[in-house]
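Engineer: Please find the sequence and the predicted model below.
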Amino acid sequence: MIDKVRVGLLSLALAYGVLWLAASLFGEQSFPIWAIVVTYGFATLAELLLWTISLAYVTRISPPQVAGAVMGSWYIALAAGSALGG
């Protein structure tokens, strides 16, 4: 489980690294499409790895009587964070 978190966070760091590299190389010129595609791929991989781990962790640490309510709260918190983040 920890390995998936490490790979997910590394993948997200690589996504931002690709954006930084492309911005450093191309500056004020038009942004290359390959950088956007590679960034999107790394970010998607990170989301797939981290999403499943986080939901499994929330399910594992919650009491069995309220597991459904806690999972619902987790989704509501993610929706609120996405709404507030833009």
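Structural biologist: Sure, I can see it. Values in this document were obtained by computation on a predicted structure and should not be read as measured data.

Engineer: which residue lies farthest from the center of the chain?
Structural biologist: Within the chain, the residue lying farthest from the chain centre (CA atoms, centre = their mean) is residue 65, at 29.1 Å.

Engineer: For it, list the residues it contacts.
Structural biologist: Going by CB atoms under 8 Å, 6 or more residues apart in numbering, residue 65 touches no other residue. Where C-beta positions appear, they are placed from N, C-alpha and C, glycine not excepted.

Engineer: For residue 28, give me phi and psi.
Structural biologist: Backbone torsions of residue 28, given as degrees, to the nearest 10, read phi -80, psi -10.

Engineer: switch to numbering from 108
Structural biologist: Sure, I'll start counting at 108 from here, so that last one is residue 135.

Engineer: Model confidence for it, exactly?
Structural biologist: What the model reports for residue 135 is a pLDDT of 77.

Engineer: same check, this time on the one 5 residues further on
Structural biologist: The score at residue 140 is 91. That number is its pLDDT.

Engineer: ok, now residue 160?
Structural biologist: Confidence at residue 160, expressed as pLDDT, is 82.

Engineer: count of neighbours near it?
Structural biologist: 15 (other CB atoms under 10 Å).
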